[in-house]
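>>> have a look at this fold, sequence not included:
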């Protein structure tokens, strides 16, 4: 697997912070994803609450 491959590609376009950062933001979704972060994406640096919302999660 390449360093930049998504660990969960079937969910990549739906709720991954990497994709959401480049789209129109929804405050409700932002709160659910980004409030009280526990993981960081090794690809884009997004900090999220749940590991499943980034491509390559690493605990903070």
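Perfect, I can see it now. Since the model is a prediction, treat every value here as computed from it, not as a measurement. Numbers count the residues shown, from 1 in each chain.

>>> CA atoms for contacts and neighbours, from now on please.
Noted.

>>> and the longest helix seen in the chain, what other elements does it pack with?
Identified as the longest helix of the chain according to DSSP state H is helix 27-34. Contact partners of helix 27-34 among helices and strands, from 3 or more CA pairs under 8 Å, 6 or more residues apart in numbering; DSSP states H and E: strand 47-48.

>>> counting by contacts, list what the following helix or strand past the strand it packs on packs against.
Once the chain leaves strand 47-48, the next helix or strand it forms, by DSSP states H and E, is strand 57-59. Applying 3+ CA pairs under 8 Å, 6+ apart, one finds that strand 57-59 contacts strand 39-41.

>>> ok, for residue 32, nearest residue in space, not its chain neighbours?
Spatial nearest neighbour of residue 32, chain neighbours left out: residue 49 (7.6 Å); criterion: CA to CA, 6 or more residues apart in numbering.

>>> correction: the previous question concerned residue 39.
Nearest in space to residue 39, with sequence neighbours left out and distances taken as CA to CA, 6+ apart, is residue 59 at 4.4 Å.

>>> ok, now which ones touch that neighbour?
38-40 (CA atoms under 8 Å, 6 or more residues apart in numbering).

>>> try 10 Å
37-41, 47-51 (CA atoms under 10 Å, 6 or more residues apart in numbering).

>>> so which of those residues wins on neighbours?
residue 48 (26 neighbours; other CA atoms under 10 Å).

>>> mind checking how far that residue is from residue 36?
Distance, residue 48 to residue 36, by CA to CA, to the nearest Å: 7 Å.
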